[in-house]
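Chemist: Here is the input, now give the coordinates:
(chains A and B)
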Amino acid sequence: MATVAHDSRVRGRRRPLSRQLGAAGPLTYVFLIVVALVSMFPLYWSLVVASHDNSAVAAYPPVLTPGNQLWHNLHRLFDSGEVNVDFWTALLNSAIVASVVTVSVVFFSALAGFAFAKLRFRGQKFLFVTVIATMLVPVQLGVIPLYIEMIHLGWTNHLLAVIAPNLASAFGVFLMRQYISGSVPNELIDAASVDGCYTFGVFRHVIWPAVRPVAAVLGLLTFMTTWNDFFWPLVVLSPRNPTVQVAVSTLASGYVQDYALVLTGTFVSILPLLAVFIVLGRHIIGGIMRGAVKG
Amino acid sequence: MSEQSAVEAPVRGRSRTTIRSRLHRIDSKTAPYLYISPFFVLFGAFGLFPLGYTAWVAMTDRTLLNPSWSFIGLQNFTTLIHDSYFWNAVENTLAIFLISTIPQLAFAMFLAYVLNTKLRARTFFRMFVLLPQVTSLVAVALIFTQLFSHDYGLVNYVLGWFGIHAINWEAGRLSSWIALSVMVTWRWAGYNALIYLAAMQGIPDELYEAAAIDGAKPWKQFRYVTVPLLRPTIIFTVIVSTIGGLQLFTEPYLFEPLKQGATGGSARQYQTVVMYLYEKAFAGTQFDFGYAAAIGWALFLLIGVISLVNYLIVRRIRSAEA
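Modeler: Residues are numbered from 1 along each chain as shown, chains lettered A, B, ... in the order given. Next up is the predicted model:
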């Protein structure tokens, strides 16, 4: 404590020192640029392979620039009947699954977050701790009984099987609760209650408008996670009615490796998220970092 | 709504207000439970119930094709304890977990430290750091499998510059572990760096300045200010990495040339526990659900134990520093 007081007195004089502490030198930038290149390279590489025919994969020295076969490979992927999966269906399925899950997670999380942050009820603390504890349970381990459950429900090979288990998210509830308790003043809620709003009215008119920024972030993260999910869709869906991840893996399975085709499918499968990330990436970063601080 | 009620209340008199206030009371009593119930109902149905049901299934000889199963007690577990394939899978999983997590978190910490300096184009660099996280596991696995391929892979080509002979990454035990660890590290290091960065930004500047005045060089500041204060965050990332790392599946599953057997190579050199579970239940010819459920429980136990061990190790950070 004494050091802090002492420090605040000398800070004026010491300003150059504190700047020196955080200043980034040229080496820092070189390092970060290398990191950026390494981060990007595999994605770039999938484009390179996807835009050549297979002979380029075996070329020596390797070809490092995109070629002109991308259109041709896309045609093979989507229209030719040469491949063993229906890629259009796969993309559509993934879009449906990810959209439904996203809307549901955002809505239920906001609702539950509102209850945990602003309403008072018996067992509130305990129930919230339970929500957090469920994050630590590796749910995947229940995959066998969950599969049996899906057989009983008749949902195997149906999109419902990948949608239903993901409709709510502990992380989402947690994120919303933290955001609402930090950013919505109690006075606003009291005012709405005095006006005769029922709690759902408070949610609709006060909470929902206030949580929009964090709802967008949660939505983006949920969409990404759902779009990229692989293990459970692989188990429960068939290659005839796959999500895009299952379709890509089916494309890659077999004795002959058609790398150009496989990486064309891969590239197409990352493209939607890549586009979203380029436009909204800074919000995603904000969301991850905010979740981290509070966690 | 509110205007209307203000007008109506005096006309209708007392009974209406009591009904309204009673409705409000019911609303405020029940609404909270109603709002949190979707989460609990869904988690109960698709999270908790299967987990508990696993314990039951694990004590049967149930298969997909033979629904007329019978109760066999702990037989699956005793078989499992003597199953060398299982222990091989445990060993592979732990090895890949260690090779991928320790350097990764150390690197993430360093990267966060660098990103925490006063940078130009800060958002730009952060976005690149997070880019791998946007990439799906399937894409990561397939792209890197191509990069690590024996004959035409770029990795072997670059190693060739240094006179290193082409490595058959997939065939060897250690080499396959390394290749898989590279995939995991590539995808997760940036994410963990951002988590550390967020925590670092919560550390007040005064602490660093005080340390600087006391004569601490940047490295010492990092070690004696940053790391101890990041302890909760480090615990968080270690636990998350443990839970995720021990369930590794997609990368090794797609690293196989045929990508459907889940055996983890011809000599099971990189079969993980979840792959073994998948092989027993879905990929082989047996569809042995009872045994696979037992593997699930064993893995659950393993994750619990390793998480606890990791927690105890990381918890020592501050006491060691102090």
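Chemist: Would you indicate which residues of the helix or strand containing residue B:50 are buried?
Modeler: Using DSSP states H and E, residue B:50 maps to helix B:49-57. Buried residues in helix B:49-57, counting neighbours by 16 or more other Cβ atoms under 10 Å in any protein chain shown, are found at B:50-51, B:53-54, B:57. For the C-beta atoms, the positions are set from N, CA and C on the backbone; glycine is no exception.
Chemist: now the residues you listed as CSV including distance to chain A and pLDDT?
Modeler: Shown next, in CSV, are the buried residues of helix B:49-57 (distance: Cβ to the nearest Cβ, whole Å; pLDDT from 0 to 100):
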residue, distance to chain A, pLDDT
B:50, 3, 88
B:51, 4, 83
B:53, 4, 86
B:54, 5, 84
B:57, 5, 88
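Chemist: ok, for the most centrally placed residue in chain B, nearest residue in space, not its chain neighbours?
Modeler: By Cα atoms, centre = their mean, chain B has its centre lying nearest to residue B:244, at 2.3 Å. Among residues not flanking residue B:244 along the chain, residue B:188 sits closest, at 7.9 Å (Cβ to Cβ, 6 or more residues apart in numbering or on different chains).
Chemist: Now do the one you found against residue A:91, distance only.
Modeler: Residue B:188 sits 26 Å away from residue A:91 when distances are taken as Cβ to Cβ, to the nearest Å.
Chemist: cool, residue B:294 as well?
Modeler: 38 Å.
Chemist: same check, this time on residue A:100
Modeler: For residue A:100, the distance to residue A:91 equals 15 Å [Cβ to Cβ].
Chemist: Could you do residue B:58 as well?
Modeler: Going from residue B:58 to residue A:91 by Cβ to Cβ gives 38 Å.
Chemist: Buried ones in the helix or strand hosting residue A:175, by neighbour count?
Modeler: Per DSSP H and E, residue A:175 falls inside helix A:170-183. For helix A:170-183, the neighbour count (16+ other Cβ under 10 Å) marks A:170-180 as buried.
Chemist: between those residues, which is closest to chain B?
Modeler: When those are compared for distance to chain B (Cβ to the nearest Cβ), residue A:173 comes out closest, at 5.7 Å.
Chemist: Find the nearest non-adjacent residue to the closest one, please.
Modeler: residue A:112 (4.6 Å).
Chemist: so what's the one you found up against?
Modeler: Neighbouring residues of residue A:112 by Cβ atoms under 8 Å, 6 or more residues apart in numbering or on different chains: A:131, A:168, A:173, A:176-177, B:35-36, B:38-39.
Chemist: just residue A:245 next, same as before
Modeler: A:94, A:227-230, A:233-234, A:269, B:136-138.
Chemist: one step back: any idea how far the residue nearest to the centre of chain B is from residue B:297?
Modeler: 19 Å.
Chemist: and the longest helix along chain A, which residues are buried?
Modeler: Criterion DSSP state H: the longest helix present in chain A is helix A:259-294. For helix A:259-294, burial by neighbour count (16+ other Cβ under 10 Å) applies to A:259-270, A:272-274, A:276-277, A:280-281, A:283-292.
Chemist: which residues of chain B score low on pLDDT?
Modeler: B:1-16, B:67, B:317-322 (pLDDT under 70).
Chemist: quick one, domains of it?
Modeler: Domains of chain B are assigned by automatic domain parsing as B:2-57, B:75-321.
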